Each structure stands twice: as C-alpha cells, then as structure tokens.
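Trainee: how would this look folded up:
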Amino acid sequence: MHNGIIIGAGPAGLTAAVTCAENGLDVIVLDEYMRAGGRLLGQLYEQPDGKWWNGIKESERLFQQAVDLGVQFRFGTAVSNIEYLDDMWVIYTEKEVLQTSNLLLATGAAESPVPVPGWTLPGVMSVGAAQVMTNVHRVKPGERGVIIGINVLSAAIAMELQLAGVEVASLTLPRMSEVTDVEAHPKEVMDSLLHVSHMAPSPFVKLGSKFMKGDFMKKMGAAFYPKNGVKMWDIPIQLRKAVIEIYGENQVEGVTLATINSKGDVVPGTEENIAADFVCIAGGLYPLAELAAIAGCPFYLVEELGGYVPLHSEEMETTLDGLYVAGNITGIEGAKVAAAQGHVAGLSIARNNGIRSLDYKIMDAIQHVKTTRDHAYIQFHPQIQKGRSKIQDQWNTYQRNVQEV
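Mentor: Modelled structure (predicted):
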C-alpha cells in the first residue's frame, strides 16, 4: 500500500508527486500515455517576457525531479475503476489492483470537437491532435490546413503550427446549427477573440478589445467585422465566414466556405472552396472527470470552468475522505495554474498523512494559485474567477450543512 496514488502525469500530477515525495511520502503515479507531461507535451509559445515556454522541457524537468525523489511511475496504464472499501481507495487497472488512503485525480481535460459535414475524411483531426503531432512527434499534420472553430486553444495552436512551417489558410467558424450554437455565433466568438487580443499583432483586434466593452459595441463589431477577416500571425481570422462542408474523395482536399451575417446565418450564393490537405476542428475543452463520477463526487455545471466539475475546496479536497482533485478536472486553465494546484494537493495529502506544520505552507500555496491565475498569459474562459467563486460558494454551503448535521 502507498501513502498516495496519483492518476494523471500532467502538470498537476507531476507537481503533486514531487510535493508528496519532498514530504517523505511513498507515491505512485499512473498514466495511460507512454510518457509524463500530459498536455504540457504539446505546448510551445513565447511568453510576454520574451522567454519561450517549452512544455516538453518542463515536463522532463518535473519528471526527473520526481524520479530522483523516489516517485514510481506506471505508464501505459489505464484505470478502469476506483472504489472506496474499508477506509481505502482501491484502484483497478488491467495489470494490477492498488490501494491507498489518499488518491489524487489529476486526469486533465478532453477536447469537444464540433461535427462538420465531411469530418470523417482522413486528414480531419482535433486541433489538439495537430498540436501533439507537430510539437511532440515533430510530424507535420499537412502542408496547408484550415482550423474550424475560433477560441483561445485554436488561436494558440495555429501560432504553433505556423512556427513549425505549416501554413494555416484560415481560422474560421463552423456553420450554425443546434450543436454549434455558441461556436458559430460571431458575437460570442468575438468575445473570446478579444480576450486574447494581447497575443495578436493585428491593430484591428487590439483596438477592438479597448472599445468593445458594451454589448451594443460587440454587436457592431460582429456586424462590421471585415468579410475577408483580419490577420493574427499572418493567419486570416474569419468571423464572417463559416465552413459548410469538408470535401475530398479519399482524403481532405479542402473546405467550402460561405459568408454569414452577424447572427451566424449563411448568405446564399456566397460559397467558395479553399484548398487544404488537413482540417482541424476546435470545439474547446471540458474537464475529464469520469473517475470522480465513479467515485461518487457531487458535480456542478459551471460554464465558466468549462463544464461539470467535482465539488472541491481550495485545498483540493473533495467531499469524499482521502480523495483529491487538481488541474483541469477542476476547471479549464493553463498548465501553470494546474501545476500550482498540484502543489496544493500534494501538501494537503502530506498533511492528511500526518506531516505536521503544513497549514501555513498550504495557505501560501493557495495564494500562489490565485497569483498564477491572475498573471496567466491566456485564460480559456474569460470569467474564470466567477466560476471559481461559484464552486467555493458551493463548498462553503456543503461545509455548513455538514456542521449542522
């Protein structure tokens, strides 16, 4: 039996493992991938201070630090079930059954691609898959591509593809439907685009973020947004065009675009074809929380956090004894915030194992999470603070109810 088991070897899981091991705990980390890093592996971008954030190097640093501290890793290991028996968490994998009194779920997030006619053709992939191919495996997904879906994730990955010498012909919208309502609405997407305007060299986008504060001005912005789009890193961003279909015989050959009005409706007779040998679909990320559901955690739908998240405290505790969460399972944010949360979780686990004098360290670590969030280069959801407050309010209500009982 181990002092702690961590499911997920991304930034949250790795940092939690290091923190636990530094406090003398015997820790094991499980991950279904063949190496440590999680979504860190695909990240490569220039920070405001001019330094480059290289996710592969960062994950290698954390992994080596954990190994040097005696942390055990089980890669290529999928977890099929977890349950709480006799005051222990039992973790079932294909190879073995493990037990621990402290279990951390750091399972991260998954992509939610938007369905587009023709999306089953070879050469169509999620935007995250293109990122992994390019930044992790150093394989180009193609020579010329189109990204369907304009959001923080797709904008960042488009930049990374450009750095790798891949031509991104356009970032554009999916066609409006019941499934693609928000993703296909120019005004909603404008809000998201302006949120990352500091990353864009386009004067139109930068200026837009300064005066499009009110709802009326945002509607005006969507209405008068140039039909040919504007450019970020020489990539056309087209809020007035939508992909009608992806076409090709045996593989992707291109996409059919049409002009849309400010409400997202297609203007008949405006269809045009754009040649491409691959297409990325970007529908955003959602917390990967199935294991928390299996465990019996209560969930809340918090749109500002990306979907359903398990109820948890700032100390990364859940309502279940010895079960913790950290990283994107608690809400969609960047790797640095996930790592900061992992540090908090590691300290909480150590305290639960009897390590004393950690209260002040935990308070400092919680504050570091907030500071890291405030200084994040990009936020996947503009109202992340509102989402965090909602979960904290629910946790406070839970605590009061427990005390009353």
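
Trainee: low-confidence ranges in the stretch 301-405 of the chain?
Mentor: Counting by pLDDT under 70, the stretch 301-405 of the chain has low-confidence residues at 405.

Trainee: would you list every one of the helices in the stretch 101-250 of the chain?
Mentor: With DSSP state H, counting those that start in this stretch, the ranges of helices along the stretch 101-250 of the chain come out as 127-131, 152-163, 186-195, 203-211, 215-224.

Trainee: let me know the average pLDDT across the first one.
Mentor: Looking back up the chat, that one is helix 127-131. When pLDDT is averaged over helix 127-131, the result is 93.

Trainee: which helices and strands does it pack with?
Mentor: On a contact count with 3 or more Cβ pairs under 8 Å, 6 or more residues apart in numbering; DSSP states H and E, helix 127-131 meets helix 152-163, strand 278-281. From N, CA and C alone the C-beta is placed, and that goes for glycine too.

Trainee: measure the residue nearest to Val139 when sequence neighbours are not counted to Asn352 for me?
Mentor: Closest residue in space to Val139, ignoring its immediate chain neighbours: Met133 at 4.9 Å, by Cβ to Cβ, 6 or more residues apart in numbering. In this structure, Met133 and Asn352 are 40 Å apart, going by Cβ to Cβ, to the nearest Å.

Trainee: could I get the average pLDDT for stretch 271-284?
Mentor: If you average the pLDDT values across stretch 271-284, you get 94.

Trainee: for it, measure first residue to last.
Mentor: Looking at stretch 271-284, the gap from its leading to its trailing residue is 26 Å under the measure Cα to Cα, to the nearest Å.

Trainee: buried set for it?
Mentor: 274, 276-284 (16 or more other Cβ atoms under 10 Å).

Trainee: now those as CSV including distance to Val114?
Mentor: Supplementary listing: the buried residues of stretch 271-284 in CSV, determined by distance: Cβ to Cβ, whole Å:
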residue, distance to Val114
Ile274, 18
Ala276, 17
Asp277, 20
Phe278, 16
Val279, 12
Cys280, 11
Ile281, 6
Ala282, 8
Gly283, 4
Gly284, 9
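
Trainee: could you identify the most distant pair in the residues you listed?
Mentor: Asp277 and Gly284 (24.6 Å; Cβ to Cβ).

Trainee: of the helices and strands packed on helix 127-131, flag the one that's most buried.
Mentor: Mean neighbour counts were compared across the helices and strands packed on helix 127-131 using mean count of other Cβ atoms under 10 Å; the top stretch is strand 278-281, at a mean of 26.

Trainee: contacts for stretch 14-24, please.
Mentor: The set of residues that contact stretch 14-24 without belonging to it, under Cβ atoms under 8 Å, 6 or more residues apart in numbering, is 3-4, 6, 9, 27, 29, 36-37, 59, 62-63, 65-66, 69-71, 104, 106, 326, 338-340, 342-343, 345-347, 349-350, 353, 355, 358.

Trainee: and the top helix by length along the chain, what does it pack onto?
Mentor: Across the chain, the longest stretch assigned as helix under DSSP state H is helix 384-404. Packed against helix 384-404, as judged by 3+ Cβ pairs under 8 Å, 6+ apart, are the following elements: strand 299-302, helix 359-374.

Trainee: so which of these is nearest Thr93?
Mentor: Nearest to Thr93 among the helices and strands packed on helix 384-404 is strand 299-302 (24.2 Å), distances taken as Cβ to Cβ.

Trainee: tell me the first helix or strand C-terminal of the closest one.
Mentor: Helices and strands here follow DSSP states H and E; after strand 299-302, the next one along the chain is strand 307-310.

Trainee: partners of that next one in the sheet?
Mentor: Sheet pairing here is set by DSSP bridges, and for strand 307-310 it gives strand 299-302 (antiparallel).

Trainee: what sits up against the partner strand?
Mentor: Applying Cβ under 8 Å, 6+ apart, the contact partners of strand 299-302 are 289, 292-293, 307-311, 331, 387, 390-391, 394.

Trainee: please repeat the previous calculation with a cut-off of 7 Å.
Mentor: Residues lying outside strand 299-302 but in contact with it, judged by Cβ atoms under 7 Å, 6 or more residues apart in numbering, are 293, 307-311, 331, 387, 390-391, 394.

Trainee: and it, what's buried?
Mentor: 300, 302.

Trainee: off-centre distance for it?
Mentor: Between the mean C-alpha location of strand 299-302 and the chain-wide mean there is a distance of 17 Å, by Cα atoms, centre = their mean, to the nearest Å.

Trainee: with stretch 165-172 instead?
Mentor: Taking the mean of its C-alpha atoms, stretch 165-172 sits 21 Å from the chain's own mean (Cα atoms, centre = their mean).

Trainee: next, the closest residue to Glu46 other than its chain neighbours: phi, psi?
Mentor: In space, not counting the residues next to it along the chain, Glu46 is nearest to Trp52; the distance is 5.5 Å by Cβ to Cβ, 6+ apart. Reported as degrees, to the nearest 10, the phi and psi values for Trp52 are phi -90, psi 140.

Trainee: endpoints of stretch 374-382, how far apart?
Mentor: Using Cα to Cα, the span of stretch 374-382 from its first residue to its last is 11 Å.
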